[in-house]
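Engineer: Build me a model:
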Amino acid sequence: MDFPENGTAGIEQELAWQVPLYEQFHRHPELGLAEHQTSAAVAANLARWGFDVRHFGGTGVAGVLANGAGPCVLARADMDALPVTEATGASYASAIAGVMHACAHDMHVVALLGAAKYLAEHRDTWQGTYTALFQPAEETAAGSQAMLDDGLAAGIPRPVVALAQHVMPTEAGTIGTTPGPVLSAGDSVRITVHGRGAHGSMPHKSVDPVVLAASIVLRLQTVVSRETAPGEFAVLTVGAVTAGATANIIPDRAELLLNLRTYSLEVRSQMLAAIERIVRGECAAAGSPREPELEYYDQYPLTSNDAEANARVTAAFTRTFGAGAVYRTNPQTASEDFSRIPDAFGIPYVYWMVGSVPPETYRRAVANGTVDADIPANHSPSFLPAVDPTLGVATRAQAAAALAFLAGTV
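Structural biologist: Predicted structure coming up:
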């Protein structure tokens, strides 16, 4: 059979149970690898709808729905909240002090559950295997790897494609897709440089790590401006410098925290090599008594959509929502750990963006040039998606994307 024209139209009736569940998750957020209540609720719903429920990585959940011979499609949602104090004023605002769903993972979960229920109840329209994957700890870049380390790749049917989405502060009712890079690779680096401590009145007896750290910070500014080709995307941020505690004591060490974002693995490698070269060179120039220490952590892979799979999903969205609702998005500078999962299987994947701001609000901000000032971004204490129509669109998007690969096999 052909992909049904507007084939997920009946999905709106699911909102009667989805909205209360979304508000429940939003009211009771859980941090990464501690999503126990969320995981239990997800597993219970999947089991009730006939999915074979499996657990990976502690709180991770995979629901497998076999429906005859055909391709296997994997769809993923992240579940974790952030250590943010909510300031939205919503009636269903977080009841957990200092923890908030400030990145819409609660909506991702409910949308994927909605798509899973829809596919379970409409098995006559497709054939194959559908795996709904609920991942912990995306915000710390730990969740996908935890599931893989716990046997995910061997523990579920091998998919032919993986699907994921993210709610963004763009116009509600719209969906953004793009081939190639859609989210940047992200790396954090902790650098410790060593000096020789001394009294503040006797600087000649020291190797001052504060001056050394300052020299490194300045020199690092040339990695993007002088070592990265014009037109290539790269960000290098020194987010923290820590050294000493008292005005009249020269400390014996300093610590710098760096963050990198790139769309190219080649550029990423060049930047990491440049950072190490600069740090070691400045330490040698300062006469540092010990070699510097560089620790790489919170490393996110590049998210780069397969062109053919993205075209197929984009066509399904255009049929489902209309051409006016689907646009080509620019790559985002944020990072994700989703792609580790399809990379472990060696399969293509598609990752798309779902808008969440009431259209009139968003268009007014665009017209006034005040989007950054007026529209709260992800991770903001004031970030709150408009449930209508965002939840319904996100649910239909997950179902439509899956059916683009599963439909036509009956």
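Engineer: mind checking which helix or strand the closest residue to Ala286 other than its chain neighbours is in?
Structural biologist: Distances taken as Cβ to Cβ, 6 or more residues apart in numbering put Leu212 closest to Ala286, at 4.5 Å, once the chain neighbours are dropped. C-beta here means a position set from N, CA and C on the backbone, and glycine is covered the same way. For Leu212, the host element (DSSP states H and E) is helix 209-227.
Engineer: Alpha carbons only: can I get that helix in PDB?
Structural biologist: Provided in PDB are the C-alpha atoms of helix 209-227 (Å, rounded to 0.1, in the frame of the first residue of the first chain):
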ATOM      1  CA  PRO A 209      49.900  29.700  36.900                       C
ATOM      2  CA  VAL A 210      47.500  32.700  36.800                       C
ATOM      3  CA  VAL A 211      49.600  34.400  34.200                       C
ATOM      4  CA  LEU A 212      50.100  31.100  32.400                       C
ATOM      5  CA  ALA A 213      46.300  30.500  32.300                       C
ATOM      6  CA  ALA A 214      45.700  34.000  31.000                       C
ATOM      7  CA  SER A 215      48.300  33.400  28.200                       C
ATOM      8  CA  ILE A 216      46.500  30.100  27.300                       C
ATOM      9  CA  VAL A 217      43.100  31.800  27.200                       C
ATOM     10  CA  LEU A 218      44.300  34.500  24.900                       C
ATOM     11  CA  ARG A 219      46.200  32.100  22.600                       C
ATOM     12  CA  LEU A 220      43.200  29.800  22.400                       C
ATOM     13  CA  GLN A 221      41.300  32.600  20.700                       C
ATOM     14  CA  THR A 222      43.400  32.000  17.600                       C
ATOM     15  CA  VAL A 223      42.200  28.400  17.100                       C
ATOM     16  CA  VAL A 224      39.000  29.500  15.500                       C
ATOM     17  CA  SER A 225      40.100  32.900  14.100                       C
ATOM     18  CA  ARG A 226      43.500  31.800  12.600                       C
ATOM     19  CA  GLU A 227      43.500  28.000  12.400                       C
END
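Engineer: Quick one: distance of that helix to the chain centre.
Structural biologist: From the chain centre to the centre of helix 209-227 is a distance of 29 Å (Cα atoms, centre = their mean, to the nearest Å).
Engineer: Which positions in the strand or helix carrying Val366 come out as buried?
Structural biologist: Using DSSP H and E, Val366 maps to helix 359-368. Buried residues in helix 359-368, counted by 16 or more other Cβ atoms under 10 Å: Tyr362, Ala365.
Engineer: What helices and strands are in contact with that helix?
Structural biologist: Helices and strands touching helix 359-368, as assessed by 3 or more Cβ pairs under 8 Å, 6 or more residues apart in numbering; DSSP states H and E, comprise strand 161-171, helix 371-374.
Engineer: quick one: average confidence on that helix?
Structural biologist: Per-residue pLDDT over helix 359-368 has a mean of 98.
Engineer: could we number from 377 for the rest of this?
Structural biologist: Sure, I'll start counting at 377 from here, so that last one is helix 735-744.
Engineer: re the thing from before, tell me the contacts of the residue nearest to Ala662?
Structural biologist: Taking Cβ atoms under 8 Å, 6 or more residues apart in numbering, we find Leu588 in contact with Val569, Gly571, Ala630, Glu658, Cys659, Ala662, Ser664.
Engineer: cool, and Val643?
Structural biologist: Val643 is in contact with Thr604, Glu608, Phe609, Ala610, counting by Cβ under 8 Å, 6+ apart.
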